[in-house]
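**Q** the following comprises the amino acid sequence and a computationally predicted model.
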Amino acid sequence: MLFVMIALVLIVTNSSCSKSESPVEVVSTDHTKPDVMTNIEVENLNGAARITYSLPKSSNILYVQAKYLIREGHFRESKTSFYTDTILVEGFAKAGEYEVELRTVSRANIQSDPVMVKIKPETPNYILVNEGLEISPDFGGANFMGVNPDGAPIALHVLAFDPQTNKFKENDPEYIKGSVVDVSIRGFEAQEREFGVYTTDRFGNTSEVRYIKITPLFESLLDKNKFFAYNLPSDAPIGYGWDLKYFFDGSLNDPGWHTTGAPLTVATFGIGPSAKISRFVLWNRLPNMYSDQNPKSITIWGSNTDNPQDVNLPRISQPGEVAGDWVNMGNFTYPDPPSGLPGSQANSSDNAFAAQGINFRMPSAAPAVKYIRFMVNQTWGGLNYANAMEISFYGSVE
């Protein structure tokens, strides 16, 4: 009996020592070179290729590795786990034939012999975007519109020739994430000027620069002396003496426009002659521009009809959608405080930014109009009433 007890103590002691000596799990002690993959097939894509294969029958395979040249002097490496039979190689600078080196890698980090695979990726997305851009005159500048076929992130770089320095000046890049490209550069006189554009992708590839000479469209501040309230039955009721006329009286002082509770917060007014609107500037109420009943999400509806009739506007709509005599000219979101703080905590710099007025670019497809319905979809405080101090419209009278 004593012998058995001593033996048990020795077993427990040895087990405890073993755990404390090496708490790190060894991935594999099998240093055998793994076999290569087989049954390799290639699907060529825009600037990429999808390679499928069969893995060797081994439980020691950890992942598959691909190494490849995407442009002169620049290699990339892709990895995928043993749970899948596909690896994506991407980032190629142009269409053409490339070689990809494939290896299986074991759990002990031992690589197999290389398997060289030839691929022929098609024209990369960033080149397709740049070549497909439609460049046209815009208010005070140029518009660059097109399609981003793969929806992959790219950056659009716009250049404008400066006759004073005899050089091209580049604006900050516009980052495109969706399938539509619609970028404008503004701030120029209505005189012929040369513009340029090129695209880059997340792999550091850069397209050729496209140059074009165009004459920007004339843009001016629409005369607010010709604006007038055009109250419709479905407009939100006005409160506290802050009548609609104060929304476009040219003053940032009290009063402005203020509504009381309503299912939809809408205000309707005429702008005088028919005008193609390029942008509008909105001043929320000082000093809490990012809180309370200040507008955050906005839809601008317009009509070019004389004496347009009332209609209950839809709560959610897309640009170009028509409701009675009215068309959705664009949906807009008031930007978050530049500091990154929540709206209720905006600092003095955030307020100074908003106090200058926030510019909203009107989509180039928006029609010329004579009447505006300003619709607040959401306020910063989530309230069913809204206020704002002033609004200005820019564009060209038809």
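**A** Right, received. Where do you want to start?
**Q** confirm Phe144 sits in a strand?
**A** Yes - judged by DSSP: H, G, I helix; E, B strand; the rest coil, Phe144 forms part of a strand.
**Q** correct me, but it touches Ile176?
**A** No - using Cβ atoms under 8 Å, Phe144 makes no contact with Ile176, being 10.2 Å away. Where C-beta positions appear, they are placed from N, C-alpha and C, glycine not excepted.
**Q** hmm, Val42 is touching Leu102, no?
**A** No - between Val42 and Leu102 there is no contact under Cβ under 8 Å: 10.9 Å.
**Q** between the two, which is the more surrounded one?
**A** Using other Cβ atoms under 10 Å, the more surrounded residue of Val42 and Leu102 is Leu102, with 22 against 17.
**Q** related to what we said a few turns ago, between Val42 and Leu102, what contacts are shared?
**A** 51, 117 (Cβ atoms under 8 Å, 6 or more residues apart in numbering).
**Q** before we move on, back to that, which one of Phe144 and Ile176 has more residues nearby?
**A** Per other Cβ under 10 Å, whichever of Phe144 and Ile176 has more neighbours is Phe144, with 25 against 21.
**Q** specify the beta-bridge partners of the more buried one.
**A** For Phe144, the beta-bridge partners are Ile135, Val183 (DSSP bridges).
**Q** how much space between it and Thr199?
**A** Computed as Cβ to Cβ, to the nearest Å, the Phe144 to Thr199 distance reads 10 Å.
**Q** now for the closest residue in space to Asp292 that isn't next to it in sequence, how many residues are close by?
**A** In space, and not counting its chain neighbours, Asp292 is closest to Gly381: 4.5 Å by Cβ to Cβ, 6 or more residues apart in numbering. Residues lying near Gly381 (other Cβ under 10 Å) number 16.
**Q** before we move on, what about Ser106?
**A** Around Ser106 there are 21 residues (other Cβ under 10 Å).
**Q** downstream of the longest strand along the chain, the next helix or strand is which one?
**A** When the chain is parsed with DSSP state E, its longest strand is strand 265-283. Scanning forward in sequence from strand 265-283 by DSSP states H and E, the next helix or strand is strand 295-303.
**Q** tell me the buried residues in that next one?
**A** 295-296, 298-303 (16 or more other Cβ atoms under 10 Å).
**Q** ditto for stretch 246-257
**A** Neighbour counts over stretch 246-257 (16+ other Cβ under 10 Å) mark 246-249, 255-257 as buried.
**Q** just give me how far that stretch sits from the chain centre.
**A** 33 Å (Cα atoms, centre = their mean, to the nearest Å).
**Q** so what would you say the end-to-end distance of it is?
**A** Stretch 246-257 stretches 6 Å from its first residue to its last (Cα to Cα, to the nearest Å).
**Q** stretch 247-266 now?
**A** This stretch, stretch 247-266, spans 13 Å end to end (Cα to Cα).
**Q** give me the contacts around it.
**A** Under the criterion Cβ under 8 Å, 6+ apart, residues 224, 227, 232, 234-244, 246, 267, 269, 283, 285-286, 293, 312-313, 315, 373-376, 379, 384-392 lie in contact with stretch 247-266.
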